[in-house]
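J.: Can you look at this prediction? I've put the sequence above it.
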Amino acid sequence: MKVKKAIRVAATAAAALALVVGCSGGGGSGDQQQGDQKVIKFAFAPDPVWDLLTDSGELAKWEEENNVKIETSTTWDEFTYFAGGHGDIVSMATQETPVLEAETGIKTVTFGKYNYQRVPMFKRKGDPYKTLADIPKGSKICVSGPTSNTAFWTVLAQQMHNLDYRVGGGDFNLVVNDHFVNPTNLLRGDCEAAAIIPEAAIPQLRKDELELMYDGKLPFQLYKEFAPDSDGKLHVSGNNFVATEKWYDANKDLAAKFVDLWQRGVDMWKEQKAETIRKYPQHFSVESDDDVNYMIDFVSGPNDWFVDKIALEQDWIGNETEIWDLQKQLNPENANYLAPDAPTPRFEAITPQ
């Protein structure tokens, strides 16, 4: 269980960091006040919709309307940040929440969805691989980490191909590197395939140096091919809004208002995709006009991974969380394996205010 041990070590390190920050006056999770103003401690990866909300003045307007200040921490590793207890709300994939609860004992509440699992499998142009089943066992595959999108591909590999896909063992040698490094790693032959966020590989896609496997489908488009009870809606989420149970139960009205804020943001994205990509090219790994236009075209159709509605619906929750049953069928050595008695995290359908 080397990967799970690493997760526990990371959680311990994060907890120590949280203690140091708290002792130095930075605070920890739970109710926070600045005078009569509430504070939400929120960890999130760099994000264009957040920049839209900030630069448009919508965030400041929302904070004034609700007498709330959102203190943000920018990180690509929300799992470790939250595991350390330093934060009220983070973004986290559906598959990660029971793993977090099982490994840390932290009780959570998921109360909103934000974007779908979007990390596809890439190959070099001309390579014959259509699916993971075509890649020789023992080959190196570049990934961004043991959880998050790897959890999705772990489940897909088992359900569609009866393959054991995991960091630290299994049928392939999964090599962990940053998303934005992996396109280069793949091109120079350091791995036979790579799971990469699309916006980290737009230049290579446009130049026809890299191609998407699985007929160009992203994970949320593939899930219905093996989902146990497909409801015709899109699944699985790559980023949900997840709070500690303590914070959520004490701040249900504020959680609903938080959902409303992000609904404003995704509405702006849907209306201003091209303008947003041109304004924040750094979030999409694009610089040239050609790359910008390619990115705009890429997300203008069914590949748009941002949800239409932030608030959860009860029937959606039931189908979304069925992936946990699939995780229980994985190899117990996998970081994303769930024991039969694994925690069942709370998912709450709430009405935005």
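T.: Yes, it's here.
J.: Now do the same contact list for H235.
T.: With contact taken as Cβ atoms under 8 Å, 6 or more residues apart in numbering, H235 is in contact with T94, Y116, F220, Y223, K224, A227, W316, N319, E320, I323. From N, CA and C alone the C-beta is placed, and that goes for glycine too.
J.: Need the three-state assignment for T147.
T.: Judged by DSSP: H, G, I helix; E, B strand; the rest coil, the three-state class of T147 is coil.
J.: Can you give me the distance of the closest residue in space to G138 that isn't next to it in sequence to D253?
T.: Excluding its sequence neighbours, the residue lying closest to G138 (Cβ to Cβ, 6 or more residues apart in numbering) is N173, at 6.5 Å. Computed as Cβ to Cβ, to the nearest Å, the N173 to D253 distance reads 49 Å.
J.: if you count what's nearby, which of those two comes out ahead?
T.: With other Cβ atoms under 10 Å as the criterion, N173 and D253 differ in neighbour count, and N173 comes out ahead with 15 against 10.
J.: burial of D215, as a residue count?
T.: Residue neighbour count, defined by other Cβ under 10 Å, stands at 9 for D215.
J.: distance of it from Q221?
T.: In terms of Cβ to Cβ, D215 sits 9 Å off from Q221.
J.: Quickly list the domain ranges of this protein.
T.: Domain assignment for the chain by automatic domain parsing gives 2-118+233-347, 121-225.
J.: least reliable of those domains going by mean pLDDT?
T.: Within the domains of the chain, the stretch with the lowest mean pLDDT is domain 2-118+233-347, showing a mean of 83.
J.: Quick check, N149 in contact with Q117.
T.: Yes - between N149 and Q117 a contact is recorded at 6.1 Å, counting by Cβ atoms under 8 Å.
J.: Could you tell me which residues touch both of the two?
T.: Residues touching both N149 and Q117 (Cβ under 8 Å, 6+ apart) are A93, P219, G238.
J.: how close does the second one sit to A133?
T.: Between P219 and A133 the distance, using Cβ to Cβ, works out to 17 Å.
J.: Against E287, how distant is the closest residue in space to E320 that isn't next to it in sequence?
T.: Taking Cβ to Cβ, 6+ apart, and ignoring the residues beside it in sequence, E320 has H235 as its nearest neighbour in space, at 5.2 Å. Look at H235 and E287: by Cβ to Cβ, they are 33 Å apart.
J.: Pretty sure W262 sits in a helix.
T.: Yes - according to three-state DSSP, the state of W262 is that of a helix.
J.: Report the contact partners of it.
T.: Contact partners of W262, counting by Cβ under 8 Å, 6+ apart, are V49, G112, Y114, F241, I310.
J.: In a strand, the third one, correct?
T.: Yes - counting by three-state DSSP, Y114 is found in a strand.
J.: Find the nearest non-adjacent residue to it, please.
T.: Counting by Cβ to Cβ, 6+ apart, N239 is the residue found nearest to Y114 once chain neighbours are left out, at 4.4 Å.
J.: List the neighbouring strands of the helix or strand harbouring the one you found plus their orientation.
T.: Applying DSSP states H and E as the criterion places N239 in strand 237-244. Neighbouring strands of strand 237-244 in its sheet, by DSSP bridges, are strand 89-92 (antiparallel), strand 108-116 (antiparallel).
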